[in-house]
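[1] Generate coordinates for the sequence data below:
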Amino acid sequence: MSKKRMIGFKWLLSLTLIFSAVLPIGNASVAAVGSTANMSESSVYIAVNDTLLHYDKIRPVMSKQTLYIPLVQTSELLGLNVSYSSQKTTITGNGKKLTLTAKQEGMLVANGRTMVSLRLLSSSFGYPLSYISSGPVYRIFTSDAKLTDREFMDKFGKEMKKPVQPKPEPAPTGNGSRKMYITFDDGPNANTGALLKVLDRYDVKATFFVLGKQIASHPAAAKQIVAKGHSVGLHGMTHQANKFYASPTSALNEMNNDNAQLYKATGIYSKLIRTPYGSKPNFKKSYRDQTAASGYHLWDWNIDSNDWRYTKNPQTIYNNVLRDVRAKKKQGITPVVLFHDQQATTSILPKLLQALKAEGYTFDVLTNDTTPLNFWQDKR
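    Reported below is the predicted structural model:
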């Protein structure tokens, strides 16, 4: 960096620190983890040095006059490391550390993604900000920027003026779609971290149907699932058929208690449910009426990996799933695959994901807007 540019960089850093001190980052302007009150999507763009960011599935959001940006993707571009424990999120880099606890302000969850206050992140790590109103865009500066703001707008101005077209949410059936949904039941557990690393390595998002008792035992893993941008559904508390299906009320209570555990660990609730061992034959209309009245959406699957049967033979898991996915492709049906959060599945997953991508598939997560697929054809 030239001496002139370095002087300008230091001046901008000093100005940013003063500006950040004037703008409140505390109680008056930052929502807590899990809060969605007064949250709205922002039209502002974010750039790191000379790179305009294109976030996957979610844009920055405004809450209580504070701009929040996706934590993981932004941190990666800034060279920051993000780690999780049961009670806190720690961000390190540039010789500094920022720790956010579950009840501390400065972070929230939007659409399953962990978001952090832009000003809190930039001021905590000494990164200056530049705001270009004609974008509008915030540029986060490390020492690597080469373009002036005017040069940056000359390069990206037209791109930022294009209207952002929201992507319609696909239903899990259809005319030969190459989209698929992979789901994992019975976690979180000691294997979840390894599973998440595989999904990260192949840039795949999944849906986890979690058990309340497992969340209580592994809250940090539950929090990491959400922070990594995966979707979370509920699988009840006991996973014991005689207890879960004892009555419609007992089934609903298990889902509600599971949701309470999920919120305690992650700060979010879910309205997606999957019942133990699948919904047929036990989850009859009286059961479905109760859960639907509480806003829950019932999910089963159309491909069963049977991975629980083949813990000592992962290659059979691979063979079964690839065979069934190819059959669904011929039928023009979008696969919804049932896996379990276990070591055998994780061990074969890299090979399987490579094969599925070679078949032309992309991977998406289930949301409240995805039309439910279940054995009863109940679309509620």
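
[2] Where does the prediction get shaky in the protein?
    Counting by pLDDT under 70, the chain has low-confidence residues at 1-40, 56-58, 84-87, 102-104, 110-113, 162-177.

[3] For the stretch 1-150 of the chain, which segments are assigned as strands?
    Secondary structure of the stretch 1-150 of the chain (DSSP state E, counting those that start in this stretch): strands at 39-41, 45-48, 51-52, 61-63, 66-70, 81-84, 88-93, 96-101, 107-110, 113-117, 129-132, 137-140.

[4] Minimum distance to residue 227: which of those strands has it?
    Closest of the strands of the stretch 1-150 of the chain to residue 227 is strand 113-117, at 4.3 Å (criterion: Cβ to Cβ). (C-beta placed from N, C-alpha, C; glycine too.)

[5] the inter-axis angle of that closest one versus strand 88-93?
    Interaxial angle, strand 113-117 versus strand 88-93 (axes from the mean of the first three to the mean of the last three Cα atoms, to 10 degrees): 60 degrees.

[6] Now find how far off-centre strand 113-117 is within its chain.
    Relative to the centre of its chain, strand 113-117 is centred 11 Å away, using Cα atoms, centre = their mean, to the nearest Å.

[7] Mind listing the strands that strand pairs with, and their directions?
    strand 66-70 (antiparallel), strand 107-110 (antiparallel) (DSSP bridges).

[8] returning to what we had before: ok, which of the strands of the stretch 1-150 of the chain comes nearest residue 329?
    strand 113-117 (30.0 Å).

[9] Just the C-alphas of stretch 369-377, formatted as PDB.
    Extracted in PDB, the C-alpha atoms of stretch 369-377 (Å, rounded to 0.1, in the frame of the first residue of the first chain):
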ATOM      1  CA  ASP A 369     -43.100 -21.800   3.000                       C
ATOM      2  CA  THR A 370     -42.200 -25.200   1.500                       C
ATOM      3  CA  THR A 371     -45.300 -27.300   0.800                       C
ATOM      4  CA  PRO A 372     -45.200 -30.200   3.300                       C
ATOM      5  CA  LEU A 373     -44.600 -33.700   2.100                       C
ATOM      6  CA  ASN A 374     -45.900 -36.500   4.400                       C
ATOM      7  CA  PHE A 375     -47.500 -39.900   4.200                       C
ATOM      8  CA  TRP A 376     -51.000 -38.500   4.700                       C
ATOM      9  CA  GLN A 377     -50.800 -36.000   1.900                       C
END
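
[10] What residues sit buried inside it?
    For stretch 369-377, burial by neighbour count (16 or more other Cβ atoms under 10 Å) applies to 370, 372-374, 376.

[11] What of stretch 215-233?
    The neighbour-count check on stretch 215-233 (16+ other Cβ under 10 Å) flags 215, 218-233 as buried.

[12] In helices, which of those fall?
    Judged by DSSP state H, the subset of the buried residues of stretch 215-233 located in helices is 215, 219-227.

[13] So which of those is the closest to residue 334?
    residue 225 (22.6 Å).

[14] Now render the buried residues of stretch 369-377 as CSV, adding secondary structure and distance to residue 119.
    Shown next, in CSV, are those (DSSP: H, G, I helix; E, B strand; the rest coil; distance: Cβ to Cβ, whole Å):
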residue, secondary structure, distance to residue 119
370, coil, 34
372, coil, 40
373, coil, 42
374, coil, 44
376, coil, 49
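
[15] would you turn the residues you listed into a markdown table with distance to residue 242?
    Formatted as a markdown table, those follow (distance: Cβ to Cβ, whole Å):
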| residue | distance to residue 242 |
| --- | --- |
| 370 | 31 |
| 372 | 26 |
| 373 | 26 |
| 374 | 22 |
| 376 | 21 |
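
[16] thinking again about what came up before, which among the ones in helices among the buried residues of stretch 215-233 gets closest to residue 95?
    Closest to residue 95, out of all of these and judged by Cβ to Cβ, is residue 227, at 23.4 Å.

[17] Touching, that closest one and residue 114? I think so.
    Yes: Residue 227 lies in contact with residue 114 (Cβ atoms under 8 Å); the separation is 4.3 Å.

[18] so what sits against both of those two?
    71-72, 89 (Cβ atoms under 8 Å, 6 or more residues apart in numbering).

[19] List only buried entries from these.
    Buried members of the shared contacts of residue 227 and residue 114, counted by 16+ other Cβ under 10 Å: 71-72, 89.

[20] Among the shared contacts of residue 227 and residue 114, find me the one that's closest to residue 326.
    Distances from residue 326 to the shared contacts of residue 227 and residue 114, taken by Cβ to Cβ, are shortest for residue 72, at 33.0 Å.

[21] what sits against that closest one?
    82, 113-114, 227-229.

[22] coming back round to it: which one of the shared contacts of residue 227 and residue 114 sits closest to residue 304?
    The closest of the shared contacts of residue 227 and residue 114 to residue 304 turns out to be residue 72 (Cβ to Cβ; 31.2 Å).

[23] For residue 229, see how far away that closest one is.
    7 Å (Cβ to Cβ, to the nearest Å).

[24] For residue 337, which non-adjacent residue is closest in space?
    Residue nearest to residue 337 in three dimensions, not counting chain neighbours: residue 303, with 4.5 Å by Cβ to Cβ, 6 or more residues apart in numbering.
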